[in-house]
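In: Structure of the sequence below:
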Amino acid sequence: MRKPNLSNVKQTKVLAPAKDLATLEAELAEQENSLELEDTVLRLSDYLSAVEMVIKQTFDHRVWVKAEIRNLSSKGGHYYFELAEKDDDGKVVASCRGNLWRFKAARVLAKFERATGMPLDRDLTVLLKVSAGFHAQYGFSLTIEDIDPSYTLGDLARQYAEMVDRLTGEGLLHLNQQLPTPFDIEHVLVVAPEKAAGLGDFQADADRLASTGACHFHYHNATFQGNHAPSEIRQAIVSAQQQFQDTYQRLPDLLVIIRGGGAVGDLAYLNDYELAALVAEQPIPVWVGIGHERDKVILDEVAHTSFDTPSKVIAAIMAHLAQLVTQTLQYQAQIKQAAQRQLNMAEQQTSRQLSQIQSQTTGQLTALQKDSDYAWRSIQQSAQRQVKQAARLTSDLRAQTQSSAYQQLAIAAIYSQDYQKTVMQSAQQHVIQAQRNSEHLRDIVLLHRPSRVLKQGYTMLTDAKDKQILTSSTQLYPEQTVHIVLKDGKAKAQIIDIKTNNKMTESAETPIES
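Out: Below is the predicted model:
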């Protein structure tokens, strides 16, 4: 509507109340060239109706407008928006009301939620198809005809990418993933929504595991949906860590964040930088099971390990402990095999030494027997020669020679028998001593079998990998994990202090039973 030129009219005139916009428009058009509006007194309702008419004629079309939803409420099927635009400093530079009427609300909202996977809510930046409207009583507002969900998805994706870039630049994105997986998962902190379906599934398996004494779970609740979800989850993590350290004077082995169940749209509340930074900076591994398979949240990016569901988290814990038990049994079998090999080697070595002794003794006896036989034959030959020589002598000397020969033979026989007896006794003594030495060696080997020593109340100390037997205090150091092998099992312990030459090295750690 162009501005009427009423500069030539000097008389002030009060227009009667118009019955409707059409009548008011006609009256204003009729007086356009005969009235001066500056001197015309209008009723407020007429003036605002004229403004409404101008807005209706000037903005009688629909446009796409980008705005942030500052507040959203509904009544009677109608939805009422508070829309705003902010500058780079977060200051509001424009704001107005918006209305989504009942006959379009169901279709528009359903399309938005179906495309984005989340309900329309405050703090979202949206692209709205609107038409301008003005009401004399309610003022200016925008009538929302449609909402483009693809723009909101793009804005959320942009915010997500900026969050990932910031975490990467600050060295936080993969910080928690650099922590090693705990060797033994004994204490687990669990942060989850109270009475959530996923928590029930997790807790059913966790209770069975806890009943065996292998693992203990400490539960803390927080809200996982709504604008206050990130701050409540952060508070739950901090308080859970503090309570555990006050009770056990050490860090837990694992922090588990599970959600399970609930609307997929609630995942957007978990895309919070402060929450992600807190998870990334945890001094222990963080496992998350948010309960979704397709969409990822920022916690999946920064956590040590991410799972689709809470059930898979507890399954992974059980699998880790089962693997630990399997490795322990394997180490036990390897120790048993090594001990058996040592015993077999000792037995074989003893048998070889016994055989060598017996062989040496038999050789010595054979040599002595040969020497004795040779000496005996030599004596006989010498006697025969003397007899033959004596036979050639005169008869007078024959008797003397025979007597002398008999005497020599008798002496030789006695000497030979004594010598043979001495040799036999010496040989027997060597054999008896060899048998005693062999039996003594065998007894020593049997007495030092690990199983016999362990049964007598002794224990054996090995390192944490069971690769080395620890026999000296110089092999120990504070906070070292060792294994104590008993006659019927094995225990895991941690070194608290070491005494060497009346000096003690103290440690604040408490021994851990396996």
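In: show me where the stretch 51-200 of the chain has strands.
Out: Ranges of strands in the stretch 51-200 of the chain, per DSSP state E, counting those that start in this stretch, are 63-75, 78-86, 92-100, 125-135, 139-148, 187-192.
In: Ok, the stretch 201-350 of the chain next?
Out: 216-221, 254-258, 286-289, 305-307.
In: and these as CSV, adding mean pLDDT and distance to L128?
Out: The way it works is simple: take the backbone N, C-alpha and C, and place the C-beta from them, glycine included. As requested, the strands of the stretch 201-350 of the chain are arranged in CSV below (pLDDT from 0 to 100; distance: least, C-beta to C-beta, whole Å):
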stretch, mean pLDDT, distance to L128
strand 216-221, 94, 37
strand 254-258, 94, 35
strand 286-289, 93, 35
strand 305-307, 91, 35
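In: could those strands be laid out in a markdown table, adding mean neighbour count and distance to V108?
Out: As requested, the strands of the stretch 201-350 of the chain are exported to a markdown table (neighbours: other C-beta atoms under 10 Å; distance: least, C-beta to C-beta, whole Å):
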| stretch | mean neighbour count | distance to V108 |
| --- | --- | --- |
| strand 216-221 | 16 | 35 |
| strand 254-258 | 26 | 34 |
| strand 286-289 | 26 | 34 |
| strand 305-307 | 19 | 34 |
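In: hey, which of the strands of the stretch 51-200 of the chain is tucked in deepest?
Out: Greatest average neighbour count among the strands of the stretch 51-200 of the chain goes to strand 187-192 (a mean of 24), per mean count of other C-beta atoms under 10 Å.
In: still on that earlier bit, would you turn the strands of the stretch 51-200 of the chain into a markdown table with mean pLDDT and distance to S472?
Out: A markdown table is the format used below for the strands of the stretch 51-200 of the chain (pLDDT from 0 to 100; distance: least, C-beta to C-beta, whole Å):
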| stretch | mean pLDDT | distance to S472 |
| --- | --- | --- |
| strand 63-75 | 88 | 71 |
| strand 78-86 | 91 | 71 |
| strand 92-100 | 90 | 74 |
| strand 125-135 | 86 | 69 |
| strand 139-148 | 88 | 76 |
| strand 187-192 | 94 | 33 |
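In: still on that earlier bit, out of the strands of the stretch 201-350 of the chain, the one nearest Q433 is which?
Out: Comparison of the strands of the stretch 201-350 of the chain against Q433 by C-beta to C-beta identifies strand 216-221 as nearest, at 63.8 Å.
In: The closest one to strand 254-258, inter-axis angle?
Out: With axes from the mean of the first three to the mean of the last three C-alpha atoms, to 10 degrees defining the directions, strand 216-221 sits at 40 degrees from strand 254-258.
In: Who are the packing partners of strand 216-221?
Out: strand 187-192, helix 197-211, helix 229-248 (3 or more C-beta pairs under 8 Å, 6 or more residues apart in numbering; DSSP states H and E).
In: Leaving aside the residues adjacent along the chain, what's closest to the most centrally placed residue in the chain?
Out: Nearest to the mean C-alpha position of the chain, by C-alpha atoms, centre = their mean, lies T181 at 4.1 Å. Leaving aside its chain neighbours, T181 sits nearest to P285 (6.3 Å; criterion: C-beta to C-beta, 6 or more residues apart in numbering).
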